[in-house]
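A.B. asks: what's the 3D shape of this:
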Amino acid sequence: MSNRDSAPQTAPGVDALQTRPEGSWLGLERRWLTLIAVCGATFMLLVDVTVVQVALPTIQRRLDANFSDLQWVIDAYAVTLATLIMTWGSMSDRFGRKRVFLIGLAVFTAASILCGVATTAVVLIWARALQGVGGAAMFATGLALIGQEFRGVERGKAIAAWSATVGAAVAVGPLFGGAITSGLGWRWIFFINVPIGIVTGWLGFTRMMNVSDTSTTRLDIPGVASFSAAMFLLVFGIIRTNTEGWVSAATISCLIAAALLIALFVWIEHRVAHPMFDLGLFRRPSFTGVSLGTVAIGGGMFAVYPFLTLYLQNNLGFSPLRGGLCLLPSTVLCFAVPVLFRSVMDRMSPQIALGGGLAVVAAGLAAMLPISRSSSWELLIPGLLLTGFGIGFANPAIARVGLGVVPPQRSGMASGISNTCRIGGLATGVAALGAIFQSQVSRSLSDHLGHPAPALAKVVTSSGVRAAVAAANGQAGFAPAAHSAFVSGMRLILSIGAILLAAGALASFTLVRAKDFYAQRAAD
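C.D. replies: Residues are numbered from 1 along each chain as shown. Below you'll find the model as predicted:
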């Protein structure tokens, strides 16, 4: 993939869509309107990672979905988003960033309508997968479009605005989803994308330039196919453990096939002339360290958010709006910390900022471990504050390290790999933690009741304690047993998340080195 920040803007890269639109709109010059369009699209695609989480219990009731269905509502979007970012990035180099951006926006908007009208969980899952296809195209081209429009100080301001949009999407997602679900119904968390998509599409079509790289002549189709299939089979196999178990033939076959496809992908990427995923970047320890840290924060923290939502609504009985409000101590800090502590972060070593941020997130998850059957949600507040503060430090450091330790001409691919690690970690994390959560709930419930109760355990995990109590038909001692089982599952996945974040912090402290930064080597 070519460097998107130095995209050609001369005649060889110009086609019919690349004519520079002149003039302004509402007093804003064209490049700032391009920025608004990119930020609007980025906000939509990232909000749709978190906004659905608050609505999961409501979706489960309205569509009669099981626990695996709820996992797929998140993972169908995350898997296609993660697997296609690099692909769309390559296609945008060849066919033009504006063209790919608008195609992705159209697909995402149409898929949002399909999500909103879905009458079954299966339809919703497939529509979410289609959303991910469009979201990946927008995510892959966003920074490239900013890079081709802005230079110097203005580029820094534009990237800062884009980064703030990313933080805002994380911050308002749960609250936004809770408010819409409580006020208008869960379908409107998807319908709201339609007017935003139309306005953003109009700005993009009338104000963007379609810059391409004429040296890009071939797509890495074997790499795309092997990586996408491996990701799907990995997530599919893990989620199937909810019904088939870890040692079933179906589960083992999926996981083995995923491992073989990953090996095939690595073999392909070492041999193709234009790989979509330059594995040579991982020869630099700092790039390996930041990639491991990014996977850890995706799989160890962001994948825990859906389960915190289930805890607040299905175990404590909160409404979607109240559940979203309870998560604000964490999500608001994700946005506020990079703004308030920007000068501090600029003076800190990226190694310390990244490793320290991940360590604080690990401490925040560990701080939530004392939850018990009788706990109130306020016990989560210290942990939520710590996780939000740590994410606020780690996110900018991930971008700073990920782009700083690669050659400038590889910055586009480095950005794509970073986004793939983050969303891929989320997808596999939700699948793995979900399987572990359901297994632990079933085991704990059986221990409390003195006999296996797999059907009731599934109701506890997907529909909540109240629904399970109703399904138990007044069985003696079931309510406290169900609460205890749910909390036991939460403690286990919080522990696993904390361990993953601690491992990511250790990798960052150990592998990220100042001498790997290109700016540092140039100064030396």
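A.B. asks: Show me what the helix or strand encompassing Ala129 is packed up against.
C.D. replies: Using DSSP states H and E, Ala129 sits within helix 121-149. Contacts defined by 3 or more CB pairs under 8 Å, 6 or more residues apart in numbering; DSSP states H and E place helix 121-149 against helix 30-63, helix 67-95, helix 97-117, helix 152-183, helix 411-449. Every C-beta, even on glycine, is put in place using the N, C-alpha and C of the backbone.
A.B. asks: Identify whichever of those helices lies nearest to Ile297.
C.D. replies: Of all the helices and strands packed on helix 121-149, it is helix 411-449 that lies closest to Ile297, at 7.1 Å by CB to CB.
A.B. asks: Would you mind giving the orientation angle of that closest one with respect to helix 121-149?
C.D. replies: 150 degrees (axes from the mean of the first three to the mean of the last three CA atoms, to 10 degrees).
A.B. asks: Who are the packing partners of helix 411-449?
C.D. replies: Here helix 411-449 touches helix 67-95, helix 121-149, helix 221-244, helix 285-297, helix 305-310, helix 381-404, helix 454-463, helix 478-511, going by 3+ CB pairs under 8 Å, 6+ apart.
A.B. asks: Report the distance from the last one to the chain centre.
C.D. replies: Relative to the centre of its chain, helix 478-511 is centred 19 Å away, using CA atoms, centre = their mean, to the nearest Å.
A.B. asks: tell me the angle of that helix relative to helix 454-463?
C.D. replies: Going by the same axes, to 10 degrees, helix 478-511 makes 60 degrees with helix 454-463.
A.B. asks: With the fourth one instead?
C.D. replies: Between the axis of helix 285-297 and that of helix 454-463 there is an angle of 110 degrees, by the same axes, to 10 degrees.
A.B. asks: Just the angle for helix 285-297 relative to helix 381-404, thanks.
C.D. replies: Inter-element angle recorded for helix 285-297 and helix 381-404: 150 degrees (by the same axes, to 10 degrees).
A.B. asks: which helices and strands does helix 285-297 pack with?
C.D. replies: Under the contact definition 3+ CB pairs under 8 Å, 6+ apart, helix 285-297 sits against helix 350-367, helix 381-404, helix 411-449, helix 478-511.
A.B. asks: would you turn those helices into TSV with distance to Gln131, mean neighbour count and mean pLDDT?
C.D. replies: Shown next, in TSV, are the helices and strands packed on helix 285-297 (distance: least, CB to CB, whole Å; neighbours: other CB atoms under 10 Å; pLDDT from 0 to 100):
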stretch	distance to Gln131	mean neighbour count	mean pLDDT
helix 350-367	27	24	93
helix 381-404	23	23	86
helix 411-449	13	24	81
helix 478-511	26	22	92
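A.B. asks: Apart from its neighbours in sequence, what residue is nearest Leu56?
C.D. replies: Setting aside the residues directly before and after it, Leu56 is nearest to Leu70 in space (CB to CB, 6 or more residues apart in numbering), at 5.1 Å.
A.B. asks: circling back to that earlier point, closest to Phe287 out of the helices and strands packed on helix 121-149?
C.D. replies: helix 411-449 (7.3 Å).
A.B. asks: So what's the gap between that closest one and the chain middle?
C.D. replies: 11 Å.
A.B. asks: buried set for the helix holding Ala129?
C.D. replies: Across helix 121-149, burial judged by 16 or more other CB atoms under 10 Å covers 121, 124-149.
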